[in-house]
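S.K.: no sequence on hand, only this structure:
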DNA sequence: GCTTGACCCTGCCGTAGCGTCAACTTCTAA
DNA sequence: TTAGAAGTTGACGCTACGGCAGGGTCAAGC
């Protein structure tokens, strides 16, 4: 018993174009090709098609399917590997969703794109505030540092910052306490991040003023609605402040 | 001040090919093109590039970015819409991951592909078992029904079944009780699913024997390791059995 | 034998976002 | 002047086919 391409396609719920494609790439050659060039499929070919479609439904790529079916590429290993890829993909998606959400929240709380870009540095939009709190020199140096970066470095910095903020928000949403290892690790990351901004006492190794800065930042995050929004609202900012305070007490 | 393509590309951390592509599709034309054909970018063009890259990092497609930047396509709406797409994508991925996991578990517990395909029907691999429990006629009819399906219908049926099983496992993992609305809704789905298999008492409207069948299936799921594995192990199967029992008591 | 309609074939373009040659011209510094 | 760096415009490649165009084949009816 053999069937024409249309019969097989219809029965399997795929298009004849698909079957021709599978023939083209060598995944599923017809069992017989007539003198007229017509493709004919027998029961074995249909069974192979079934296996192909099963694996395809699981999201495997056609070359991977060919590997499994032809080179007896240990199906289980292939599937496990595939799961790994899928999970990585999903994690990337999750990351992205969170990033877009944060951007949206930032927009809604009134910060525009350019402000957003330099929000986390001590830069122009906060000039007066920064100078009043930490002095002209801190503002000058960190500002020069920021504007001296290439676009790429600015984007990379922003990405690091985003990840830092994302880490805080996640920790908070997971309900950990400010004294937990997780929150303290975040605080350490936060201080590391500060160390990379020239002009700050942290970068200069001035312990006393570093402590003052870190504690001051915690207050700023809670009091300034823009910053608070960044950390998921006042509650989130309070969590960050408390974690930083605890870190100062224990580790600085 | 203006820059060459290479300077802009390097500073932004993208390739010059990318900038040419953005020019080709009209997303980012250079501010000036020399008589020699060289592209030159001024500050405005670079600023536009910055916005493009920001949106690109969020995962928006180039046409969507063009919409936002040019047609003032309400950025917030675009981002919200984008989030929706991303979430749908992630949900699809999750579905797939669970499906692949189940397939893997099935493989590990000794069922091969063809068995997996008809596992949930009353078919050949379970011939003796089915006949012993529910009689020859049930087996004959449901078996004929299965083999009378086209490949497509078989795949569709399998997909429905997978979703049913996935629903059970999710409910179980979410920790709901067998008496909860959620579990009872699943049980109703399960019975509906049975109704679609000719030869079963459920399909024929025989209440007494339907009850017997549903309760019997619950027992089978728990006792047969193959079925138990399908439902995520014995514990999951117990949850399904208890839910079905409860459903029988309340709604049949 | 001829027509009609259904079915089959082989290309080829398009998809998203560029990477990667290839072939050629232009600028820049020694 | 000349090498080498940097610029240009094509054009193909990647996934997994969809959707044409243009033309052959088959079964049935007249």
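M.R.: Noted; the coordinates are in hand. Predicted model only: the values in this text are computed from it and were never measured.

S.K.: and chain A, which of its residues are near DNA strand C?
M.R.: A:4, A:5, A:6, A:7, A:16, A:20, A:30, A:37, A:38, A:39 (CB under 7 Å from any atom of the strand). Placement of C-beta: from N, CA and C, glycine included.

S.K.: what about DNA strand D: which of these touch it?
M.R.: Among these, the ones lying near DNA strand D by CB under 7 Å from any atom of the strand are residue A:38.

S.K.: identify, from the residues of chain A next to DNA strand C, the entry nearest to chain B.
M.R.: residue A:7 (9.8 Å; CB to the nearest CB).

S.K.: list the contacts of the closest one.
M.R.: By CB atoms under 8 Å, 6 or more residues apart in numbering or on different chains, residue A:7 lies in contact with nothing.

S.K.: which stretch of helix or strand covers it?
M.R.: helix A:5-12 (DSSP states H and E).

S.K.: contacts for the helix or strand just after that helix next, please.
M.R.: The helix or strand immediately downstream of helix A:5-12 is helix A:16-24, counting by DSSP H and E. By CB under 8 Å, 6+ apart, the surrounding residues in contact with helix A:16-24 are A:5, A:6, A:8, A:9, A:28, A:29, A:30, A:39, A:41, A:49, A:52, A:62.

S.K.: does residue A:209 touch residue A:194 like I think?
M.R.: No. Taking contacts as CB atoms under 8 Å, residue A:209 lies outside contact range of residue A:194: 11.6 Å.

S.K.: pick out the residue of chain A closest to DNA strand C.
M.R.: residue A:6 (2.8 Å; CB to the nearest atom of the strand).

S.K.: distance of that residue relative to residue B:70?
M.R.: 46 Å (CB to CB, to the nearest Å).

S.K.: try residue A:214
M.R.: 44 Å.

S.K.: neighbour-wise, which of these two wins?
M.R.: Each of residue A:214 and residue B:70 has its neighbours counted (other CB atoms under 10 Å in any protein chain shown); residue A:214 has more, 22 against 10.

S.K.: residues contacting the more buried one?
M.R.: A:190, A:191, A:194, A:202, A:244, A:247, A:248, A:252 are the contacts of residue A:214 under CB under 8 Å, 6+ apart.

S.K.: compare the residues you listed and tell me which is most surrounded.
M.R.: residue A:244 leads the contacts of residue A:214 on contacts (other CB under 10 Å) with 25 neighbours.

S.K.: just give the nearest non-adjacent residue to that one, would you?
M.R.: residue A:218 (4.3 Å; CB to CB, 6 or more residues apart in numbering or on different chains).

S.K.: tell me the SS of residue A:197?
M.R.: What DSSP: H, G, I helix; E, B strand; the rest coil gives for residue A:197 is coil.

S.K.: that one contacts residue A:144, doesn't it?
M.R.: No. If you go by CB under 8 Å, residue A:197 and residue A:144 don't touch, sitting 11.3 Å apart.

S.K.: higher neighbour count, these two?
M.R.: residue A:197 (18 against 11).

S.K.: quick one, phi/psi of the more buried one?
M.R.: phi -100, psi 110 (degrees, to the nearest 10).

S.K.: can you show me the strands along the stretch 51-200 of chain A?
M.R.: Per DSSP state E, counting those that start in this stretch, the stretch 51-200 of chain A carries no strands over any range.

S.K.: tell me where it has helices.
M.R.: Ranges of helices in the stretch 51-200 of chain A, per DSSP state H, counting those that start in this stretch, are A:62-70, A:75-108, A:113-118, A:127-134, A:136-147, A:151-173, A:181-195.

S.K.: show me the contact partners of the last one.
M.R.: Pointing back at helix A:181-195 there. So helix A:181-195 is in contact with A:160-161, A:164, A:167-168, A:171, A:174, A:176-177, A:200, A:202-203, A:210, A:213-214, A:217, A:239-240, A:243-244, A:246-247, A:250-252, going by CB under 8 Å, 6+ apart.

S.K.: of those, keep whichever come out buried.
M.R.: By neighbour count, with 16 or more other CB atoms under 10 Å in any protein chain shown, these hold A:161, A:164, A:167-168, A:171, A:176, A:200, A:202-203, A:210, A:213-214, A:217, A:239-240, A:243-244, A:246-247, A:252 as buried.
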